[in-house]
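Trainee: Let me see the structure of the following:
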Amino acid sequence: MGIWQPKTPACRSGALAKFHLGKGGEAPRCIPRGEEETIAIYSLNIRSVGRSTHAARTAGAHIRYITRPDAQAEIMAERMPAGRNAARRWLDRQERADRKNARVLTKIMVALPRELHPLQRAKLVRAFAERITQGRAPWFAAIHQHGKDVGNPHAHLVVRDRDPETGQRVARLSDRGACERVRRLWEQACNEALRRAARPERVDRRSHRAKGLQGPPEQHRGTFQRPPSMTESRKPRGTLPSLALSR
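Mentor: Numbers count the residues shown, from 1 in each chain. So this is what the prediction gives:
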């Protein structure tokens with residue numbers, strides 16, 4: 001027995017219907033169950049924290065926020081302290097040593113596929129972080145997928161783009177085209193994880209317009225809380241644009 005799938009852009013993106021007439025009343029097309037394309041949520045938001053564009057110790061305050069106790073965060077880190085307080089102190093020291101116009105860190109928030117189980121999501125975050133940093137720059141991640149976030153799994157990733165040995169940038173997140181590169185890397189990492197888990201779903205980083213879809217895109221809501229300590233005293237300049245894209 002098949003499933004009726006309309007000949008519309010929304011249908012081609014994975015939406016299914018038992019019965020739908022095509023444009024001009026044309027006959028619907030039958031797609032056998034299991035052969036239809038299914039789409040997992042894609043959402044990525046990327047911003048930077050600069051020494052001249054943000055209040056002092058904003059980077060450390062972000063660590064405190066994403067590791068707050070009520071978030072029940074799963075924490076992992078490479079080439080920097082993994083402890084909540086130790087990571088904050090480390091970032092504060094790094095910030096003080098930076099030049100006045102330096103980018104202290106880049107923060108990335110991604111929606112994690114609900115189709116994966118918690119351990120698979122953790123492996124996905126680690127693989128993505130190591131891919132962005134080329135296994136050289138420090139990063140810190142907090143995964144929120146328990147308690148009130150069971151149905152809204154997401155991860156906060158902090159990247160300090162400095163090779164600890166050479167002091168050179170390796171992720172190059174301030175370069176032209178960095179946003180699109182990060183979006184592409186997340187899409188690739190997600191789809192590889194879904195494929196390894198034998199899941200049929202895939203994510204698609206393209207905009208609604210690029211997909212040929214009509215109507216506004218869905219929004220990944222996440223948490224609406226914002227700590228007072230992270231209020232920016234000045235509007236950031238040179239900040240990477242915020243990307244909140246979903247299926």
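Trainee: Could you tell me the end-to-end distance of stretch 198-210?
Mentor: 27 Å (CA to CA, to the nearest Å).
Trainee: ignore the last one, stretch 141-161
Mentor: End-to-end distance for stretch 141-161: 14 Å, by CA to CA.
Trainee: Pull out the buried positions in it.
Mentor: For stretch 141-161, burial by neighbour count (16 or more other CB atoms under 10 Å) applies to 141-145, 149, 152-161. For every residue, glycine as well, the C-beta is placed using N, CA and C.
Trainee: For the protein, which helix extends over the most residues?
Mentor: Ranked by number of residues, the top helix in the chain under DSSP state H is helix 178-196.
Trainee: Can you tell me which helices and strands that one packs against?
Mentor: Where contact means 3 or more CB pairs under 8 Å, 6 or more residues apart in numbering; DSSP states H and E, helix 178-196 is packed against strand 44-50, helix 118-133, strand 201-202.
Trainee: Between the ones you listed, which one is closest to Ala193.
Mentor: Evaluated over those, closeness to Ala193 peaks at helix 118-133, with 4.3 Å, by CB to CB.
Trainee: So what's the gap between that closest one and the chain middle?
Mentor: On the basis of CA atoms, centre = their mean, to the nearest Å, helix 118-133 sits 11 Å off its chain's mean C-alpha point.
Trainee: how far away is Gln72 from Gln188?
Mentor: Distance, Gln72 to Gln188, using CB to CB, to the nearest Å: 29 Å.
Trainee: what do you get for Val110?
Mentor: For Val110, the distance to Gln188 equals 13 Å [CB to CB].
Trainee: now swap in Ala141 and tell me
Mentor: Taken as CB to CB, the span from Ala141 to Gln188 is 18 Å.
Trainee: Okay, angle between the top strand by length along the chain and helix 178-196 too, please.
Mentor: As assigned by DSSP state E, the longest strand anywhere in the chain is strand 103-111. Here the directions of strand 103-111 and helix 178-196 differ by 40 degrees (axes from the mean of the first three to the mean of the last three CA atoms, to 10 degrees).
Trainee: just to revisit the earlier point, Val110 and Gln188: which is more packed in?
Mentor: Using other CB atoms under 10 Å, the more surrounded residue of Val110 and Gln188 is Val110, with 25 against 15.
Trainee: Hmm, Ile41 is touching Val110, no?
Mentor: No: using CB atoms under 8 Å, Ile41 is not in contact with Val110; the gap is 10.0 Å.
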